[in-house]
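In: Structure, please.
(one chain, ligands or ions: 1)
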Amino acid sequence: MTVCPVSPNTVLANALHHAEDILTPRILAASPERVVLVVGAQINGVPHVGTSLVQSLAFAMAARLRDRFAIPTEVLFSALDNAPYELTTDPASGHRYQRAYAQALGHEALADLVTGLYQPLFTALSRHLKIPHRVETYSRQQADEHFRRTWLRLQSRLDAARWWLAPSTGIPHLRVPCPAPGCGWAEKDAERTQVHLIDRETARITAVCLHHGSYEATLTPAGDAYLDLATLYRNAVKELALSDPHGTLHVMVKGGDWVFGSHLVDEALQSVGLTRSQLPARLFCPQVVTDTGAKLSKSLIREGRALLPEGATNWMLDTRQWPGTTTEYAEQLLCLTDTLLSDPRHFFRSYSASEIGRMMTAPARQERSQSMNDTTDRVHELHLYREYFDLVAAGAKTIEVRVKHPHLADLAAGDTIRFRVKGTDETCEVKVERVTEYPDFEALLDSEGPANVNPTTTRDRQLANIRAIYPPEKEALGALAIQMQRGPA
Ligand SMILES: [Zn+2]
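Out: Modelled structure (predicted):
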């Protein structure tokens with residue numbers, strides 16, 4: 001792989017064999033019937049490469065978890081149409097007001113926007129990886145009865161959570177846009193918004209519109225008053241609503257800049273009674289950063305407060321400008337996610353815009369495109385000694401042992417291996433069912449069971465044989481156990 005990055009070791013990377021192992025403890029503890037990876041994006045202008053990266057990693061991780069744990073996985077995309085569309089200042093009070101996309105554009109225009117900006121990429125990713133996905137707007141989410149009941153429930157216990165959700169003021173902001181026809185403005189920082197909990201199912205909100213003065217709204221589970229919440233507050237309600245155990249494990253997929261905010265949400269959720277095992281699982285993805293180490297920000301560049309980083313190109317800020325088809329873009333992103341997920345060192349770090357640009361360009365494209373367009377699976381050709389070949393051909397050897405040479409780094413379930421007896425034309429094909437990496441051969445044999453590797457000899461004899469083939473510096477690359485199924489002759 002010529003495009004592979006060079007990544008330093010870290011405590012976390014060193015503790016893991018695979019990036020997806022970060023989710024293993026939660027999956028083992030919950031034994032879910034399915035896993036939903038939840039990824040969101042603010043609907044404010046066109047997506048940039050950081051957004052695409054997190055979204056494609058959600059799909060790629062979903063595919064890995066499905067293959068690894070044999071459970072159905074899917075991706076849920078939250079389109080945050082409560083993002084501000086326009087801002088203004090009330091000349092009377094000096095308070096800032098905002099109108100969100102949901103109120104400014106209306107349902108149909110919004111649906112067109114989400115479909116135009118995101119659906120083609122999701123469809124391509126979904127099709128390539130055979131991972132189903134759903135798109136849900138925030139407008140739809142807040143209208144959901146369960147979501148509103150969850151908010152009402154949290155409201156009655158807000159004293160326990162308020163300082164986690166708003167550590168500077170203790171007042172988590174809530175916005176109910178002015179219901180006057182064609183208005184929809186709301187006080188951005190909710191200075192004059194008051195919440196009165198009437199009973200378990202009813203809250204009365206009073207607020208002040210800059211055009212229409214005081215107004216009142218009643219929030220009930222089935223009512224239609226629009227409920228907008230400040231970001232941490234909204235995440236807490238959303239995650240609380242998802243914490244009902246119905247055999248589904250939700251994994252919140254976000255960029256690395258979310259780590260610190262998520263700690264606050266976790267504390268808020270625990271302060272209102274959730275146990276650690278009821279918290280959602282979290283997956284933080286690599287950030288795309290500029291030369292200064294700051295997150296690549298479209299708005300800072302647009303406002304002229306930051307420069308387009310060296311080596312970055314226009315499509316990174318506006319992915320519609322990618323010089324190719326959506327399918328090619330998806331393929332290229334999946335090459336990139338393959339690389340990032342191939343080693344924990346490549347996953348738990350940030351990338352400069354120019355490094356992302358380098359990895360998103362040519363060499364890998366061909367390879368992945370071929371594997372994606374082929375109706376047949378990828379075939380790896382490997383040599384075998386006669387004695388092992390015969391065991392494989394007879395179906396008696398189900399685990400093959402290799403060191404993690406670069407040419408085997410992308411070996412995955414679903415691939416085909418064509419074994420060949422060295423110096424002959426005799427071949428035998430097997431289907432790869434699973435690939436597991438171990439730090440050394442001993443750990444591999446003990447975990448996989450020596451009889452699966454070679455039923456005709458002892459563990460210690462096998463260890464000696466393997467080490468006769470691979471010297472210590474090869475073993476140090478990592479030991480791969482390849483579980484295989486004898487295919488049709
Ligand atoms: Zn109004």
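In: For the rest of this, base every contact and every neighbour count on C-alpha atoms.
Out: Fine.
In: what number of residues lie near the residue in the stretch 301-450 of the chain that the ion sits nearest to?
Out: Ranked by C-alpha to the ion, the top residue of the stretch 301-450 of the chain for proximity to the ion is Glu303, at 29.2 Å. Using other C-alpha atoms under 10 Å, the number of residues around Glu303 comes to 9.
In: what's the answer for Phe260, then?
Out: 9.
In: From Pro323, how far out is it?
Out: Between Phe260 and Pro323 the distance is 36 Å, computed by C-alpha to C-alpha, to the nearest Å.
In: Asp224 now?
Out: 43 Å.
In: Compare these two (neighbour count), which wins?
Out: Neighbours of Asp224 and Pro323, each counted by other C-alpha under 10 Å, are more numerous for Asp224; the result is 13 against 10.
In: what about the residue lying closest to Thr73 once chain neighbours are set aside, helix or strand, and which?
Out: Sequence neighbours aside, Val35 is the residue nearest to Thr73 in space, at 4.7 Å (criterion: C-alpha to C-alpha, 6 or more residues apart in numbering). Following DSSP states H and E, one finds Val35 within strand 34-42.
In: ditto for Thr339
Out: Thr339 belongs to helix 326-341, assigned by DSSP H and E.
In: Low-confidence regions, the stretch 101-250 of the chain specifically.
Out: 244-245 (pLDDT under 70).
In: List, one by one, the residues from it near the ion.
Out: 178, 183, 209, 211-212 (C-alpha under 5 Å from the ion).
In: One more pass at 8 Å, please.
Out: 177-181, 183-186, 209-213 (C-alpha under 8 Å from the ion).
In: Can you tell me the number of residues neighbouring the spatially closest residue to Leu249 that is not a sequence neighbour?
Out: Using C-alpha to C-alpha, 6+ apart and skipping the chain neighbours, the partner closest in space to Leu249 is Val35 (4.8 Å). Counted by other C-alpha under 10 Å, the residues lying close to Val35 total 21.
In: Against the ion, how distant is Val35?
Out: Look at Val35 and the ion: by C-alpha to the ion, to the nearest Å, they are 42 Å apart.
In: wait, isn't that residue in contact with Pro72?
Out: Yes: Val35 lies in contact with Pro72 (C-alpha atoms under 8 Å); the separation is 6.5 Å.
In: ok, now which ones touch the residue nearest the centre of the chain?
Out: Central residue of the chain (C-alpha atoms, centre = their mean): Ala58, 2.9 Å from the mean position. Contact analysis of Ala58 by C-alpha atoms under 8 Å, 6 or more residues apart in numbering lists 37-39, 75, 253.
In: so where does it fall, helix or strand?
Out: Using DSSP H and E, Ala58 sits within helix 49-69.
In: Surely Glu433 is in a strand?
Out: Yes: Glu433 sits within a strand when classified using DSSP: H, G, I helix; E, B strand; the rest coil.
In: What is the burial count for the residue lying closest to Asp318 once chain neighbours are set aside?
Out: Computed as C-alpha to C-alpha, 6+ apart, the closest residue to Asp318 that is not its neighbour in sequence is His48, at 5.1 Å. By the criterion of other C-alpha under 10 Å, His48 has 18 neighbours.
In: With the one 4 residues further on instead?
Out: If you count neighbours by other C-alpha under 10 Å, Ser52 ends up with 20.
In: same deal with Gln332?
Out: 22.
In: Could you do His173 as well?
Out: Neighbourhood size, His173 [other C-alpha under 10 Å]: 23.
In: Leaving out chain neighbours, which residue sits closest to it?
Out: Ala230 (5.2 Å).
In: for the one you found, what are its contacts?
Out: By C-alpha under 8 Å, 6+ apart, Ala230 lies in contact with 172-175.
In: Per the annotation, how does this protein divide into domains?
Out: 1-143+286-375, 173-228, 379-486 (automatic domain parsing).
In: which stretch among those domains comes nearest Gln278?
Out: domain 1-143+286-375 (9.3 Å; C-alpha to C-alpha).
In: chain center to the closest one, what's the gap?
Out: 8 Å (C-alpha atoms, centre = their mean, to the nearest Å).
In: now Ile482, what's its secondary structure?
Out: strand.
In: C-alpha coordinates for whichever strand or helix holds Val135, CSV please?
Out: According to DSSP H and E, Val135 maps onto strand 133-137. Coordinates of the C-alpha atoms in strand 133-137 are reproduced here as CSV (Å, rounded to 0.1, in the frame of the first residue of the first chain):
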residue,chain,number,x,y,z
HIS,A,133,-29.1,3.3,6.4
ARG,A,134,-31.8,5.8,7.4
VAL,A,135,-31.9,9.6,7.3
GLU,A,136,-33.8,11.5,10.0
THR,A,137,-34.1,15.2,10.4
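In: and the angle for that strand with helix 49-69?
Out: Counting by axes from the mean of the first three to the mean of the last three C-alpha atoms, to 10 degrees, strand 133-137 lies at 140 degrees to helix 49-69.
In: list the buried ones in strand 133-137?
Out: The neighbour-count check on strand 133-137 (16 or more other C-alpha atoms under 10 Å) flags 133, 135, 137 as buried.
In: Thank you, goodbye.
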